[in-house]
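# Show me the folded form of this:
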Amino acid sequence: MGILKDSQPSAAPPDLEGDQNLISINSDMFPSCVTCRMPISQNGFSPTHNFGAFCSNKCLLASRSPISSSNDEFNWIKYLSNTEKTAAPIHCFKKFPITLNYQFLNMKVEYTYNVDLGEAWICKIIKVEGLLVCLRFLGSYDSLDDVWVNVCGGRVHGVGYCKRNYAAQIFLVPPPCLNSAGKDWNEFLMEELVGAHTLPADFDKPLFVPNISDRYQVNSMLELVDKKQLSHTRLARISQVRAERLCMEYLDSKLSPTGQDFWCHFNSPLIHPLGWSALVGHSNSIPAHVNTKSLKMVEYTYNVDLGEAWICKIIKVEGLLVCLRFLGSYDSLDDVWVNVCGGRVHGVGYCKRNYAAQIFLVPPPCLNSAGKDWNEFLMEELVGAHTLPADFDKPLFVPNISGYCELHGLKLRPPKTWSGPFSWTAYLKETGSSIVPAYCFDLTPVQHNFKLNMSLEAVDVIDPHLICVVTVVKLVGRLMLLHFDEWDDVYDQWVDVESADIYPIGFCEAAGFPLEPPKSHCNKVFPPANHKSLRTSTNRKRRRASSACKPND
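You can find the predicted model right below:
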């Protein structure tokens with residue numbers, strides 16, 4: 001149950017610099033600190049927060065502070081109450097990195113209400129709004145004593161946390177709001193906790209992909225879509241990794257780095273490994289010397305019937321066609337030209353990751369295997385080699401069907417050169433085009449629990465470094481229309497219900513991102529001189545609105 005303490009601790013209260021509220025984890029899971037990126041030693045300090053591991057108390061405390069003060073000013077609970085909206089439940093977010101299949105409502109938890117003195121108490125969750133939960137202290141019957149907290153904020157734990165983490169010096173102490181006169185708290189808690197549900201013991205473990213810091217190192221380079229020309233890619237550098245989002249800056253920019261920051265999810269289709277553009281023939285401004293030493297090694301299934309593959313080296317590129325040379329072969333007669341998007345070329349490690357596919361690495365007949373230790377040979381050849389990403393097989397095209405908008409009553413923007421009401425039939429006849437068949441797209445219905453007027457936090461696709469307060473205003477199949485609260489409807493954006501760019505309320509507070517509030521709250525967050533940072537400033541909004549209303553020349 002925990003450690004019940006009836007009096008104040010005799011020792012000096014622990015200050016925040018010595019706070020070790022959070023359990024230790026195996027440092028092999030997190031080889032580097034989330035905040036400063038320094039390696040974590042085997043016996044070093046490695047407390048876990050919901051979003052990573054840290055090498056010191058200083059870095060842990062720094063992670064608890066949001067990037068800006070906007071979260072401190074904007075109160076989700078007051079906002080929902082004033083606007084009569086509800087928060088989208090956590091289970092709506094299929095791509096949210098934590099599997100919170102817990103029924104938070106009516107759970108009993110331990111809440112550290114006084115961090116400085118290390119005092120906690122058992123509470124009951126009586127309300128839930130996204131990641132925010134309303135706690136009522138056991139023994140209290142006054143709603144004025146209830147407190148709203150972020151369940152991922154590091155102060156809410158399962159019952160038994162204090163007992164399991166005795167070294168953290170956090171004890172169960174009845175809060176001042178409770179009347180302790182003649183009260184046997186041990187007996188009271190035993191009665192209250194019989195048959196109660198609580199959070200699992202491992203709830204404090206990192207909630208995000210543990211190896212993201214290994215896959216995406218700060219200062220490593222990649223190809224990023226040009227936000228001013230979406231059909232073009234540019235060379236970029238990762239400057240920050242936070243939660244599951246990457247902050248990048250263009251290396252070929254003449255503008256200030258601050259104005260060129262680009263945030264996106266690590267699984268975003270907007271980022272690619274070095275050499276991807278040259279490999280598939282995509283428009284890019286990547287320096288030639290970067291492309292020539294990028295994508296080298298791939299796994300090629302040379303015999304589909306028998307499930308036999310081998311590692312090859314890319315030696316020539318012609319659009320989507322690549323010339324492969326089997327590792328261990330030195331005869332150009334054995335080279336083979338294949339389509340890199342044909343389903344037989346994968347990144348190194350594909351066979352191992354997809355064991356169920358029954359494809360194995362087998363030396364092709366053209367290689368002389370007499371007395372050859374292929375395992376040792378491959379280990380030597382693959383050291384430091386670049387390969388295709390694990391998700392290279394994901395679809396390269398955005399689902400769309402002619403007539404989809406008309407079917408669902410959505411507004412379709414026609415080409416600029418088109419005059420009058422748009423007609424697909426007339427357009428296809430005029431341009432000599434043909435329709436992409438419906439079977440080319442995934443039209444599988446998606447079950448979701450989003451409803452109209454639900455509130456959530458979402459990335460602004462125009463300025464992806466911003467996460468804003470939005471409301472669901474329309475649902476069509478697997479798409480939903482998000483409205484940026486208190487902004488004009490012209491800025492509404494469509495997203496997939498399984499998008500990685502939508503989050504439950506409380507995400508920014510827990511992960512340390514600044515939350516862009518509605519316009520009426522802006523003056524409380526930024527002084528007038530800094531308004532240019534808001535959604536690229538109100539001026540950007542005005543420019544877009546004015547350009548949208550400008551008559552055609």
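# Now residue 277: which helix or strand?
Taking DSSP states H and E as the criterion, the element that holds residue 277 is helix 276-280.
# a helix runs through residue 144, doesn't it?
Yes: residue state for residue 144 (DSSP: H, G, I helix; E, B strand; the rest coil) corresponds to a helix.
# I'd like the distance between residue 460 and residue 506.
As for residue 460, its distance to residue 506 is 18 Å (criterion: C-beta to C-beta, to the nearest Å). In short, each C-beta sits where N, CA and C put it, glycine included.
# which residues does the nearest residue to residue 461 once chain neighbours are set aside form a beta bridge with?
Spatial nearest neighbour of residue 461, chain neighbours left out: residue 493 (5.5 Å); criterion: C-beta to C-beta, 6 or more residues apart in numbering. Residues in a beta bridge with residue 493, per DSSP bridges, are residue 482.
# For stretch 312-325, which outside residues touch it?
With C-beta atoms under 8 Å, 6 or more residues apart in numbering as the test, stretch 312-325 has contacts from 278-281, 295-300, 326-327, 332, 334-341, 345.
# Return the subset of these lying in strands.
Judged by DSSP state E, strands contain the following of these: 295-300, 326, 336-339, 345.
# Weed out the non-buried ones from those residues.
295-300, 326, 338, 345 (16 or more other C-beta atoms under 10 Å).
# ok so, going back, mind putting the ones in strands among the contacts of stretch 312-325 in JSON lines, distance to residue 431 and pLDDT included?
Formatted as JSON lines, the ones in strands among the contacts of stretch 312-325 follow (distance: C-beta to C-beta, whole Å; pLDDT from 0 to 100):
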{"residue": "295", "distance to residue 431": "35", "pLDDT": "57"}
{"residue": "296", "distance to residue 431": "40", "pLDDT": "72"}
{"residue": "297", "distance to residue 431": "41", "pLDDT": "83"}
{"residue": "298", "distance to residue 431": "37", "pLDDT": "86"}
{"residue": "299", "distance to residue 431": "40", "pLDDT": "89"}
{"residue": "300", "distance to residue 431": "38", "pLDDT": "90"}
{"residue": "326", "distance to residue 431": "44", "pLDDT": "90"}
{"residue": "336", "distance to residue 431": "37", "pLDDT": "89"}
{"residue": "337", "distance to residue 431": "32", "pLDDT": "87"}
{"residue": "338", "distance to residue 431": "32", "pLDDT": "85"}
{"residue": "339", "distance to residue 431": "27", "pLDDT": "78"}
{"residue": "345", "distance to residue 431": "33", "pLDDT": "87"}
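# how about the helices of the stretch 101-250 of the chain, start to end?
Using DSSP state H, counting those that start in this stretch, the helices of the stretch 101-250 of the chain run over residues 161-164, 185-193, 212-215.
# How about the stretch 301-450 of the chain?
Counting by DSSP H, counting those that start in this stretch, the segments of the stretch 301-450 of the chain that form helices are 350-353, 374-382, 404-408, 424-431.
# quick one: which of these has the weakest pLDDT on average?
Lowest mean pLDDT of these: helix 404-408, a mean of 73.
# Contacts for it, please.
The contact list for helix 404-408, computed with C-beta under 8 Å, 6+ apart, reads 410-412, 424, 476-477.
# burial of residue 200, as a residue count?
When neighbours are counted by other C-beta atoms under 10 Å, residue 200 registers 9.
# That one: what's its closest spatial neighbour, skipping adjacent residues?
Residue nearest to residue 200 in three dimensions, not counting chain neighbours: residue 158, with 6.0 Å by C-beta to C-beta, 6+ apart.
# From what I see, the one you found and residue 196 are in contact.
No: counting by C-beta atoms under 8 Å, residue 158 stays clear of residue 196, with 10.6 Å between them.
# neighbour-wise, which of the two wins?
The residue with more neighbours, out of residue 158 and residue 196, is residue 158; 19 against 14, by other C-beta under 10 Å.
# and residue 240, what are its bridge partners?
Those that pair with residue 240 in a beta bridge, by DSSP bridges, are residue 247.
# check contacts around it.
218, 246-247.
# Tell me, what's the model's pLDDT at it?
Here the pLDDT value assigned to residue 240 is 85.
# what's the answer for the one 10 residues further on, then?
Reported pLDDT at residue 250 in the predicted model: 87.
# wait, it sits on residue 285?
No: Residue 250 is not in contact with residue 285 according to C-beta under 8 Å; the separation is 9.5 Å.
# now the stretch 51-200 of the chain, which segments are flagged as low pLDDT?
Filtered on pLDDT under 70, the stretch 51-200 of the chain yields the residue ranges 51-72, 97-102.
# how about a cut-off of 50?
51-52, 57, 60-72 (pLDDT under 50).
# and what of the stretch 451-553 of the chain?
Residues of the stretch 451-553 of the chain meeting the criterion pLDDT under 50: 524-553.
# Walking through it, point out its helices one by one.
Under DSSP H, counting those that start in this stretch, the stretch 451-553 of the chain gives helices at 507-511, 522-525, 537-549.
# distance of the residue nearest the centre of the chain from residue 451?
For the chain, residue 244 is the residue whose C-alpha lies nearest the centre (C-alpha atoms, centre = their mean; 3.6 Å). Distance from residue 244 to residue 451, counting by C-beta to C-beta: 26 Å.
# Looking at residue 460 and residue 506, which one has more neighbours?
residue 506 (25 against 21).
# For that one, which non-adjacent residue is spatially closest?
Among residues not flanking residue 506 along the chain, residue 131 sits closest, at 3.1 Å (C-beta to C-beta, 6+ apart).
# try residue 486
residue 518 (3.9 Å).
# is it true that that neighbour touches residue 469?
Yes: in this structure, residue 518 is within contact of residue 469 by C-beta under 8 Å, at 5.6 Å.
# who touches both of the two?
Shared contacts of residue 518 and residue 469, counting by C-beta under 8 Å, 6+ apart, come down to 79, 484-485.
# neighbour count winner among residue 518 and residue 469?
Counted by other C-beta under 10 Å, residue 518 and residue 469 do not tie: residue 469 has more neighbours, with 24 against 17.
# so how far is residue 328 from the residue lying closest to residue 219 once chain neighbours are set aside?
Excluding the flanking residues, the one nearest residue 219 by C-beta to C-beta, 6+ apart is residue 237, at 6.2 Å. According to C-beta to C-beta, residue 237 stands 35 Å off from residue 328.
# in the stretch 101-250 of the chain, which spans are strands?
For the stretch 101-250 of the chain, the strands defined by DSSP state E, counting those that start in this stretch cover 108-114, 119-129, 132-137, 147-150, 156-158, 171-172, 221-226, 229-242, 245-250.
# Alpha carbons of the last one, in PDB - could you do that?
Right, the one you point to is strand 245-250. The C-alpha trace of strand 245-250 is given here as PDB (Å, rounded to 0.1, in the frame of the first residue of the first chain):
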ATOM      1  CA  ARG A 245       9.100  14.600 -32.500                       C
ATOM      2  CA  LEU A 246      12.200  15.800 -34.400                       C
ATOM      3  CA  CYS A 247      13.300  19.400 -34.700                       C
ATOM      4  CA  MET A 248      15.400  20.000 -37.800                       C
ATOM      5  CA  GLU A 249      17.000  22.900 -39.600                       C
ATOM      6  CA  TYR A 250      17.900  23.300 -43.200                       C
END
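# what's that strand packed up against?
The elements that strand 245-250 packs onto, with contact taken as 3 or more C-beta pairs under 8 Å, 6 or more residues apart in numbering; DSSP states H and E, are strand 221-226, strand 229-242, strand 261-265.
# Can you lay out these as TSV showing distance to residue 272?
What follows is the helices and strands packed on strand 245-250, written out as TSV (distance: least, C-beta to C-beta, whole Å):
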stretch	distance to residue 272
strand 221-226	4
strand 229-242	7
strand 261-265	12
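# closest one to residue 497 among those?
strand 261-265 (15.4 Å; C-beta to C-beta).
# average pLDDT for the helix or strand following the closest one?
Going down the chain from strand 261-265, the next helix or strand is strand 271-272, by DSSP H and E. Strand 271-272 carries an average pLDDT of 86.
# what's the spacing between strand 271-272 and its chain's center?
Mean-position distance between strand 271-272 and its chain equals 15 Å (C-alpha atoms, centre = their mean, to the nearest Å).
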